[in-house]
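**Student:** Below: sequence and its predicted model.
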Amino acid sequence: MAQPGEKPLNFVSSIPANGATNVSRSIGTITLVFDKNVVDDSVWEDNKTQIDFWAGSDRLEKRIDYNVVRSTATAKRRNIYIKPIGLLKSNTKYTIRIGPDLTSKAGESLGKSIIITFTTGRRGVVPTPIEE
């Protein structure tokens, strides 16, 4: 049986999923899931600086206003949440980068960057009226 610190930290999934399309512009929370506790007080201050979020391909010019938060619930200690401030733009590709130094409570780090992308849907589409 592996001891704490012996198994690497792994990224498991995201909501919305990597590559998702037609994501709501008003998405309130983006969830990043890992296989270990990444929100413990011992690592949280550093871990929240490992998350970047931007629109398009230029992360320096198209940075999004957002907060990185955690839950104190034991069942959610493997999750990091990104909360965009305001609506996202329609028909826009967004990128999240998780830095290689994101670390678990037991001291394992990702060791590589993880990139997640998703695209928002079109601005409120008005349905075409049906002619009778």
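**Tutor:** Perfect, I can see it now.
**Student:** ok, so what distance separates the nearest residue to Val69 once chain neighbours are set aside from Arg63?
**Tutor:** Taking C-beta to C-beta, 6 or more residues apart in numbering, and ignoring the residues beside it in sequence, Val69 has Tyr81 as its nearest neighbour in space, at 4.9 Å. (C-beta placed from N, C-alpha, C; glycine too.) The gap separating Tyr81 from Arg63 is 18 Å, by C-beta to C-beta, to the nearest Å.
**Student:** Those two - which one has more neighbours?
**Tutor:** Tyr81 (19 against 12; other C-beta atoms under 10 Å).
**Student:** Any buried residues in stretch 87-94, and which?
**Tutor:** If you call a residue buried by 16 or more other C-beta atoms under 10 Å, then stretch 87-94 has these buried ones: 88, 92, 94.
**Student:** Show me the strands in this structure, by range?
**Tutor:** Listed in chain order, the strands of the chain (DSSP state E) span 11-15, 20-23, 30-34, 51-55, 66-69, 79-84, 93-98, 114-120.
**Student:** Quick one: mean pLDDT over the second one.
**Tutor:** What strand 20-23 shows for mean pLDDT is 97.
**Student:** Report the contact partners of the residue nearest to Val69.
**Tutor:** Neighbour list for Tyr81: 29-32, 68-71 [criterion: C-beta atoms under 8 Å, 6 or more residues apart in numbering].
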